[in-house]
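**Student:** Dropping the sequence and predicted coords here.
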Protein chains: 2
Amino acid sequence: MIDRLLTKIKTVENPTVVGLDPTYSMIPNFIKQEMLERFGKTPKAVAEMFIKFNKMIIDEVYDLIPSVKPQIAMYEQYGLEGLRAYMETCEYAKSKGLIVIGDIKRGDIASTAAAYAGHIAGVEVEDEHFDLWQEDAVTLNPYMGFDGIEPFIDACNKNDKGLFILVKTSNPSSSEIQDLLVDGTPIYDRTADLVSKWGELTMGDRGYSRIGAVVGATHKEQGTELRARMPHTFFLVPGYGAQGGTSEDLKGFFDKDGLGIIVNSSRGIIAAYQKDKTFDEKDFAKASRQAVIAMRNDLQGVMG
Amino acid sequence: MIDRLLTKIKTVENPTVVGLDPTYSMIPNFIKQEMLERFGKTPKAVAEMFIKFNKMIIDEVYDLIPSVKPQIAMYEQYGLEGLRAYMETCEYAKSKGLIVIGDIKRGDIASTAAAYAGHIAGVEVEDEHFDLWQEDAVTLNPYMGFDGIEPFIDACNKNDKGLFILVKTSNPSSSEIQDLLVDGTPIYDRTADLVSKWGELTMGDRGYSRIGAVVGATHKEQGTELRARMPHTFFLVPGYGAQGGTSEDLKGFFDKDGLGIIVNSSRGIIAAYQKDKTFDEKDFAKASRQAVIAMRNDLQGVMG
């Protein structure tokens, strides 16, 4: 997965990941009306809205980007219908050659982590195998330590899947735990060291591990320091755009080859038509395409 | 929710929570065969196995316990069918008067946390409200700080729901991050202080907050220390039984009234028939009832 990701980024010359995190208020009226008419005021209607919305965006941007990152919470709140929309989104993105990062941030111990690992390992019923979630990689939470990560590593190696583990998140209150100092060293550095160590258990062929780290774009200095601290760890970087991170902030996150990170933008891309009123609502996906191109150009300016 | 929990515990004189965490290998053959015949080797068959298994256990134990805690990972690995089984389990437990703690351990920032909060807040589609997940409380991960908790607090207050936030988990590698020392104080104590502070935002009427803490039974000293440190925080305690925690270890976790904690057991109860061969497989739920009674009696010995 990590080597495929490297190849994709080089091919499209773009480390932009599109965060497919739809909300009800982002859905253009023509899609909303169609689905409300067909399915009533139901979770199923919202699921169908999300599927149509996502597919139209994917169709417009898949040739420009290496990967998409659907945030499962946005779907999960609509129950089973919502999660069906999540799965269909993953499947469709995959069919277009995109690497799918499921932003699930799960984290639990031993046997429970083994169950969550079904996201990337699939599941067996007697001698039948099912790959139900269709993700190439997932995000995980490190608070429980290695017990919560280990069951996923087998799937990384066997099925060439990937993980991105939270190290320093983009939100303001990330400081409450992540920045606490242990002998002068912040927790996120300790987490970084653990993630690096775990990463050695599933290295790709080109210098990067299948275990990456989540490092927020909103932390310029920390990102630069973490790049040096974890040279074999790919970064998934949220917080660009809507959350305030700029390309200038990201200079130090790249490795010497202008690789080493993928940068996520959600609202800034998928809801671009709501900001840039030159686009008709029906052309919302074209606004997303334009936003991806603008982000790519912005990032290319600092990739070196 | 927390006051209802207190009342339930007093009524049944038992702080035992049954962890409804079925695995394929726990399912008695007569259920397995029935569902494989009806639905083939499919996730749907497993979902139906889990539903039948859980319902039969609930029927045998609901009069003895205050609460059940289904672990969503066990269901999530079987995709949408699995999650349907999770929801049906929650709904059925609720119909029997049990408090349902969804062990989901979600944790994310701001708008994403708001979406996850749908687990206890429900979701709107236009002017229709849906309570899809049917949980009375959920577990959460604190790594991202208050941003990830705040959106849930509103639902706690408005809908009288509850949270249990990871403080010190029961697994061996919990030490990797949770035990790191900050100025001589372990991270789990810092987390405990945050959880106490957050808890003030949603107090019940009887001295305990709707925000509780997860504290593993496998950490005797830490649990005793945390009880003193967070007098208004109810503990959800995993790790009893199969993971090695004993009632003796839990003495210090109780408050002076013999309350303040609920103790979870999963395998030890729901798979009791696999250990105690005096029960016929068809009577697996009766073995669970006996295990609940044994656990209740064991805990009553130390509740003081």
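**Tutor:** Happy to help now that I have it. Residues are numbered from 1 along each chain as shown, chains lettered A, B, ... in the order given.
**Student:** pLDDT below threshold where in the stretch 101-250 of chain A?
**Tutor:** Nowhere does the stretch 101-250 of chain A drop to pLDDT under 70.
**Student:** where exactly do the strands run in it?
**Tutor:** Ranges of strands within the stretch 101-250 of chain A are A:123-125, A:128-130, A:137-140, A:162-168, A:181-182, A:185-186, A:211-215, A:235-237, based on DSSP state E, counting those that start in this stretch.
**Student:** How many residues are close by the closest residue to A:Ala73 other than its chain neighbours?
**Tutor:** The shortest distance from A:Ala73 to any non-neighbouring residue, by Cβ to Cβ, 6 or more residues apart in numbering or on different chains, is to B:Ala115 (3.9 Å). Every C-beta, even on glycine, is put in place using the N, C-alpha and C of the backbone. B:Ala115 is flanked by 25 other residues according to other Cβ atoms under 10 Å in any protein chain shown.
**Student:** List the contacts of B:Ala115.
**Tutor:** Neighbouring residues of B:Ala115 by Cβ atoms under 8 Å, 6 or more residues apart in numbering or on different chains: A:Thr23, A:Gln71, A:Ala73, A:Met74, A:Glu76, A:Gln77.
**Student:** Could you find which two of those residues are furthest from each other?
**Tutor:** A:Thr23 and A:Glu76 (12.9 Å; Cβ to Cβ).
**Student:** neighbour count winner among these two?
**Tutor:** Taking neighbours as other Cβ under 10 Å, A:Thr23 and A:Glu76 compare with A:Glu76 leading, 25 against 17.
**Student:** My read is that that one contacts A:Gly82, right?
**Tutor:** Yes: A:Glu76 is within contact range of A:Gly82, at 6.0 Å (criterion: Cβ atoms under 8 Å).
**Student:** and the helix or strand where A:Ile58 lies, what other elements does it pack with?
**Tutor:** Assigned by DSSP states H and E, A:Ile58 belongs to helix A:43-61. Helix A:43-61 is packed against helix A:29-39, helix A:72-76, helix A:79-95, helix A:267-270, helix A:284-303, strand B:123-125, with contacts defined by 3 or more Cβ pairs under 8 Å, 6 or more residues apart in numbering or on different chains; DSSP states H and E.
**Student:** deepest of those, which one?
**Tutor:** With neighbours taken as mean count of other Cβ atoms under 10 Å in any protein chain shown, the helices and strands packed on helix A:43-61 reach their highest mean count in helix A:72-76, at a mean of 27.
**Student:** picking that back up, show me how far the helix holding A:Ile58 is from its chain's centre.
**Tutor:** Its chain's C-alpha centre and that of helix A:43-61 lie 18 Å apart, by Cα atoms, centre = their mean, to the nearest Å.
**Student:** Okay, buried residues for that helix please.
**Tutor:** By neighbour count on 16 or more other Cβ atoms under 10 Å in any protein chain shown, the buried set for helix A:43-61 is A:43-58, A:60-61.
**Student:** Quick one: residues contacting the nearest residue to A:Arg4 once chain neighbours are set aside.
**Tutor:** In space, and not counting its chain neighbours, A:Arg4 is closest to A:Ile99: 6.3 Å by Cβ to Cβ, 6+ apart. Contacts for A:Ile99 were tallied using Cβ under 8 Å, 6+ apart; they are A:Met1, A:Arg4, A:Leu5, A:Lys8, A:Pro66, A:Ser67, A:Val68, A:Asp136, A:Ala137.
**Student:** rerun that using 6 Å as the cut-off
**Tutor:** Under the criterion of Cβ atoms under 6 Å, 6 or more residues apart in numbering or on different chains, the neighbours of A:Ile99 are A:Leu5, A:Pro66, A:Ser67, A:Asp136.
**Student:** For it, grab phi and psi.
**Tutor:** phi -80, psi 130 (degrees, to the nearest 10).
**Student:** What's opposite it in the beta bridge?
**Tutor:** Here A:Ile99 sits in beta bridges with A:Ser67, going by DSSP bridges.
**Student:** again, but for the one 4 residues further on
**Tutor:** Listed by DSSP bridges, the beta-bridge partners for A:Asp103 are A:Gln71.
**Student:** what's the burial count for it?
**Tutor:** A:Asp103: 26 neighbours (other Cβ under 10 Å).
**Student:** thought it was touching A:Met74?
**Tutor:** No: A:Asp103 lies out of contact with A:Met74 (Cβ atoms under 6 Å); the separation is 9.3 Å.
**Student:** so what sits against both of the two?
**Tutor:** Residues touching both A:Asp103 and A:Met74 (Cβ under 6 Å, 6+ apart): none.
**Student:** ok so, going back, just send the contacts of A:Ile99 back as CSV, with neighbour count too.
**Tutor:** Formatted as CSV, the contacts of A:Ile99 follow (neighbours: other Cβ atoms under 10 Å in any protein chain shown):
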residue, neighbour count
A:Leu5, 25
A:Pro66, 24
A:Ser67, 25
A:Asp136, 22
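**Student:** Quick check: the two most widely separated of those?
**Tutor:** Distances among the contacts of A:Ile99 were taken as Cβ to Cβ; the most separated pair is A:Pro66 and A:Asp136, at 10.8 Å.
**Student:** how close does A:Pro142 sit to A:Asn297?
**Tutor:** 34 Å (Cβ to Cβ, to the nearest Å).
**Student:** With A:Ala213 instead?
**Tutor:** According to Cβ to Cβ, A:Ala213 and A:Asn297 sit 26 Å apart.
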